[in-house]
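Chemist: quick one, structure for this:
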Amino acid sequence: ARATAHATDSDSATKEAAPMTDSLQLGPIGQIARHVRDVPAAERWYRDVLGLPHLYTFGDLAFFDCGGTRLFLSGGEDAAAGAAQEPSVLYFTVPDIHAAHAQLSARGVVFRGAPHLIHRHESGVEEWMAFFEDPDGHLLALMAQTEPRS
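Modeler: Sure thing, here's the model as predicted:
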């Protein structure tokens, strides 16, 4: 008797992906999830300190609009597990990083440092960032691009 092999989920995960031949084009990120210890406290901070538009809260879930991308904050049992892992950094684009830094600092946000130049492209466009933390210690950043000076 000859044994036949059956593909399992783990087998298929290690196979090379077939080349994309269709016209699938992924759109912008629609939502980012973040675990927090205290949803009401996080809701107040993201709304009142950062000024994000609060969309709605349902139970232990709070949703905000970040320029068309939804930020989903969740608490409960998963929050402790999520807090043990470093979540993705949220980068907020702003037109004037120095003004945004000053405004958030006035609202009590403590930055890890002043806005600083990250990279200068060959075109002269500069990438600037400034990093800070939310009440759970998760890293966030302001980011801006400045046009070359003439």
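
Chemist: count residues in the vicinity of Val39, would you?
Modeler: Neighbour count of Val39, defined by other Cβ atoms under 10 Å: 19. Yep, even glycine has a C-beta here, placed from its N, CA and C like the rest.

Chemist: partner residues bridging the residue positioned nearest the centre of the chain?
Modeler: Central residue of the chain (Cα atoms, centre = their mean): Leu90, 2.7 Å from the mean position. On the basis of DSSP bridges, Leu90 is bridged to Leu140.

Chemist: now do the same contact list for it.
Modeler: Residues near Leu90 by Cβ atoms under 8 Å, 6 or more residues apart in numbering: 32, 34, 66, 71, 138-141.

Chemist: just the strands in this protein please.
Modeler: Using DSSP state E, the strands found in the chain span residues 31-35, 54-58, 61-66, 69-74, 90-93, 116-120, 126-133, 139-146.

Chemist: can you list those strands in TSV and add mean pLDDT and distance to Arg44?
Modeler: As requested, the strands of the chain are exported to TSV (pLDDT from 0 to 100; distance: least, Cβ to Cβ, whole Å):
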stretch	mean pLDDT	distance to Arg44
strand 31-35	91	15
strand 54-58	93	10
strand 61-66	95	10
strand 69-74	94	11
strand 90-93	92	17
strand 116-120	93	29
strand 126-133	94	16
strand 139-146	92	16
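
Chemist: just put those strands in TSV and tack on distance to Ala100.
Modeler: Shown next, in TSV, are these (distance: least, Cβ to Cβ, whole Å):
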stretch	distance to Ala100
strand 31-35	19
strand 54-58	19
strand 61-66	14
strand 69-74	17
strand 90-93	8
strand 116-120	14
strand 126-133	8
strand 139-146	5
